[in-house]
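S.K.: Provided below for reference: sequence and predicted model.
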Amino acid sequence: MTTEKGKALTANRLDDGLVVFLTRSGDWSPRIDDAAVAQEAEAASALEARGHAAEAGNLVTDAYLIDVERVDGRVRPSHIRERIRTLGPTVRTDLGKQAEGAGGGFQATAP
Amino acid sequence: MYRYDEFDHRFVKERVSQFRDQVERRLSGALTEEEFKPFRLMNGLYLQLHAYMLRVAVPYGTLSADQMRRLARIAEVYDKGYGHFTTRQNIQFNWPALKDVPDILDELAEVEMHAIQTSGNCIRNVTTDAWAGVAADEIADPRPVAELIRQWSSLHPEFSFLPRKFKIAVTGAPHDRAATKAHDIGLRLHLNDEGEPGWEVMVGGGLGRTPMIAVTVRDWLPERELLRYLEAIMRVYNLAGRRDNKYKARVKILVHELGAEEFRARVEEEYARLDKSPIEVEAAELERIAAYFAPPAYESQPKVVASFEEARLKDPAFAQWVRSNVAEHKVEGYAIANISLKPEGGIPGDATADQMRAVADLAETYSFGEIRVSHRQNLVLPDVRKADLHALWQALAEHGLAAANLDLATDIVSCPGLDYCALATARSIPVAQALSRRFADLRQQHDIGPLRINISGCINACGHHHIGNIGILGLEKKGVEFYQITLGGRGDDDAAVGSLVGPGFSGEEVPDAVETIVGTYLAERADGETFLDTYSRLGAAPFKEALYAAR
């Protein structure tokens, strides 16, 4: 089992507000497992810079870095707020990305 | 109900077309988010955790059947099939796409609705008693005054950029069902010795990070002077309210920092200086508006409605619903039917599109086509003939809307919390659901009696936890949710902010803690005492003892 701790860049898509993550190739994916994880401060800054460029280009809004860990290829946010944001409301598991199988390999409330 | 005139129609339509243009410019990149954000907030559009959220104004909580049907349609076509009724008597849609919002606002405008003043540092949607105009104890319907304030405050050039948001609540009844003392301005109707109506004006209430109960600045203000006097208050606040610190910018802080006497003196000084000439025009306008709120054509009903009494005897479940959810109407033979949006284990305040449509149909069949939204996140059919109550109840049950728990333990008020809200620090809905299941036994709920539980997922207190008899506040430490409990809060005539009972609890521990609190009340109560009575008599000590002694 390999665990990498680092930072991922998240934002909301401008036209519909969907939660998205910046990927290695510079695209925005709704799946957190596709997120580029920066382990060094410099790499995180680079992600942020790309995020701000995307904001300026009107693809996304409200871009910011979140703490994550990647375990065996699956990415999990450290904070419950971001886990809920990635999956959808815990009280409506029939809604949001969790309902479409596009959430993540974790539960919102598991420690 | 108030109907738009040509100016209202034109104003709302123009606003939608302006916003359509603003959204197009945002999507094309002509506007940055920084530039666009104030525009979207002026139209009730927020960005939450999962998506945008649109908050639609329901002025003083009154809706027509057609408006409710339109909300159902919006939920279905543009959202995910449901909406959330809020503690501000409004409705929120949780999933609209930015590109669709202008179309949604167009649809709302067609039924005389909008999302203006549901956000931003302006005078927000005026709230009132959900039983306005029909309550047996009422002096007069407060909604004409609420509508007058709405028209006066809508896009008021002087008060569109206040230090902070501003909330006004109005009640026309001696029993305060609008939590007027927990608002920036609370207005309460009284008759003077000559029988003339006038308003008690209370200022500086509010919940949030610094909860405060409003102070009375005028005991009895002649009705015709109301807008002028409000203008004086707003001017004092607009000039002296703090703009250096968002957390100290509400009028309650100004009232607190100046002291009630000094604040009152400044308002009176400003009032003395104000041009009073508009008073006549405003009085005429109030009269014009009041005509829209003329009572519907009630039919003469027998004093005792045999079919209703019979149904109550035959059907215990119906009798239980009547006992908790039906309130006395000012007109003989009629009743106020409260529709609880708190089914066992449900999400407080949520209603599906089907349920909204069902309520609209039932309002048309049984209640002159009118619906109310309460600040306790329930709905009301205000004008139901007693003879129709049984049929209404059966129809409500078919749609999962017959929960018989109004003002009982499971009639829990809850903000959306961390399941939806970008500001939240903890989830509130799952706590409400767990409590709803724990106290589901209706016989037990009736035994416990009136009990208001309120839950907020952060200190901004949208769940009004400070005025819950049992208030629960969700916080977060190192990424883990925990909950503080306050006791003794109330939003009625004797409004009070609840007191923190002690150290917090995990989410899993909250139902046990609340059960311990309720158990302590049941063990200690004297004959006929409510939870609040017992708490007032004994204070927090026995509750603390029960909660923490074993820890």
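M.R.: Right, received. Where do you want to start?
S.K.: count of residues packed around the residue of the stretch 451-551 of chain B found nearest chain A?
M.R.: Using CB to the nearest CB, the single residue of the stretch 451-551 of chain B nearest to chain A is B:Gly479, 5.0 Å away. (Glycine included, C-beta is placed from N, CA and C.) Residues lying near B:Gly479 (other CB atoms under 10 Å in any protein chain shown) number 14.
S.K.: for B:Leu475, same thing?
M.R.: Number of residues near B:Leu475 (other CB under 10 Å) recorded here: 16.
S.K.: what kind of secondary structure is it in?
M.R.: For B:Leu475, the assignment made with DSSP: H, G, I helix; E, B strand; the rest coil gives strand.
S.K.: Repeat that for the one 10 residues further on.
M.R.: For B:Ile485, the assignment made with three-state DSSP gives strand.
S.K.: Tell me what it is bridged to.
M.R.: Beta-bridge partners recorded for B:Ile485 (DSSP bridges): B:Ile472.
S.K.: Give the burial count for it, as a bare number.
M.R.: B:Ile485 has 25 neighbouring residues, counting by other CB under 10 Å.
S.K.: Isn't it up against B:Ile472?
M.R.: Yes. B:Ile485 is within contact range of B:Ile472, at 5.8 Å (criterion: CB atoms under 8 Å).
S.K.: list residues touching both of those two?
M.R.: Overlap of the contact sets of B:Ile485 and B:Ile472 (by CB atoms under 8 Å, 6 or more residues apart in numbering or on different chains) consists of B:510, B:514.
S.K.: Which positions in chain A make contact with chain B?
M.R.: A:12, A:14-19, A:55-58, A:61-62, A:78-81, A:84-85, A:88-92, A:95-96, A:111 (CB under 8 Å from any CB of the partner chain).
S.K.: Quick one, which of those are buried?
M.R.: Buried residues within these, counting neighbours by 16 or more other CB atoms under 10 Å in any protein chain shown: A:12, A:14-15, A:17-19, A:55, A:58, A:61-62, A:80-81, A:84-85, A:88-92, A:95-96.
S.K.: and the residues you listed, which of them are in helices?
M.R.: A:55, A:80-81, A:84-85 (DSSP state H).
S.K.: Need those in JSON lines (columns: pLDDT).
M.R.: Conversion of those to JSON lines gives the following (pLDDT from 0 to 100):
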{"residue": "A:Glu55", "pLDDT": "89"}
{"residue": "A:Ile80", "pLDDT": "96"}
{"residue": "A:Arg81", "pLDDT": "96"}
{"residue": "A:Ile84", "pLDDT": "97"}
{"residue": "A:Arg85", "pLDDT": "97"}
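S.K.: Which one of those residues is nearest to chain B?
M.R.: Ranked by distance to chain B (CB to the nearest CB), these are led by A:Arg85 at 4.6 Å.
S.K.: separation between the closest one and B:Pro295?
M.R.: Applying CB to CB, to the nearest Å, the value for A:Arg85 to B:Pro295 is 48 Å.
S.K.: do A:Glu100 as well
M.R.: Computed as CB to CB, the A:Glu100 to B:Pro295 distance reads 50 Å.
S.K.: Show me what the helix or strand bottoming out on mean pLDDT in chain A is in contact with.
M.R.: The helix or strand of chain A with the poorest confidence is helix A:41-56; it has a mean of 93 (mean pLDDT, DSSP states H and E). The contact list for helix A:41-56, computed with CB under 8 Å, 6+ apart, reads A:6-9, A:11, A:22, A:26, A:28, A:36, A:38, A:60-65, B:32-33.
S.K.: Can you select the buried ones from those residues in ChimeraX?
M.R.: Buried residues among the contacts of helix A:41-56 (16+ other CB under 10 Å), as a ChimeraX selection:
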select /A:6,7,8,9,11,22,28,36,38,60,61,62,63,65 /B:33
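S.K.: Narrow the contacts of helix A:41-56 to those in helices?
M.R.: Judged by DSSP H, helices contain the following of the contacts of helix A:41-56: B:Glu33.
S.K.: my hunch is that B:Glu200 is in a strand, does that hold up?
M.R.: Yes. Assigned with three-state DSSP, B:Glu200 falls within a strand.
S.K.: Isn't it up against B:His190?
M.R.: Yes. Taking contacts as CB under 8 Å, B:Glu200 lies within contact range of B:His190: 5.7 Å.
S.K.: okay, and the common contacts of these two?
M.R.: Common contacts of B:Glu200 and B:His190, defined by CB under 8 Å, 6+ apart, comprise B:219-220.
S.K.: so where's chain A uncertain?
M.R.: In the predicted model, chain A carries pLDDT under 70 at residues A:111.
S.K.: picking that back up, which two from the ones in helices among the buried ones among the residues of chain A next to chain B end up farthest apart in space?
M.R.: The distance between the two most remote of these (CB to CB) is 25.4 Å, for A:Glu55 and A:Ile80.
S.K.: Please identify the helix or strand for B:His4.
M.R.: No His there; residue B:4 is Tyr. Using DSSP states H and E, no element contains B:Tyr4; it sits outside every helix and strand.
S.K.: In contact with B:Glu147, which residues?
M.R.: Residues in contact with B:Glu147 (CB under 8 Å, 6+ apart) are B:2, B:59-60, B:289, B:292-293.
S.K.: With A:Arg85 instead?
M.R.: Contacts here follow CB under 8 Å, 6+ apart; on that basis A:Arg85 touches A:10, A:19, A:77, B:49-50.
S.K.: Distance to B:Leu547 for those - can I get that in TSV?
M.R.: Listed next are the contacts of A:Arg85 as TSV, based on distance: CB to CB, whole Å:
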residue	distance to B:Leu547
A:Thr10	39
A:Val19	38
A:Pro77	33
B:Leu49	32
B:His50	35
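S.K.: nearest to B:Arg490, of those residues?
M.R.: Nearest to B:Arg490, judged by CB to CB, of these is B:Leu49 at 31.7 Å.
S.K.: That closest one and A:Gly103, how far apart?
M.R.: Using CB to CB, B:Leu49 is found at 13 Å from A:Gly103.
S.K.: if you count what's nearby, which of these two comes out ahead?
M.R.: Under the neighbour definition other CB under 10 Å, B:Leu49 and A:Gly103 were set side by side, and B:Leu49 has more, 25 against 22.
S.K.: now do the same end-to-end measure for stretch B:470-486.
M.R.: In stretch B:470-486, first residue to last residue: 6 Å (CA to CA, to the nearest Å).
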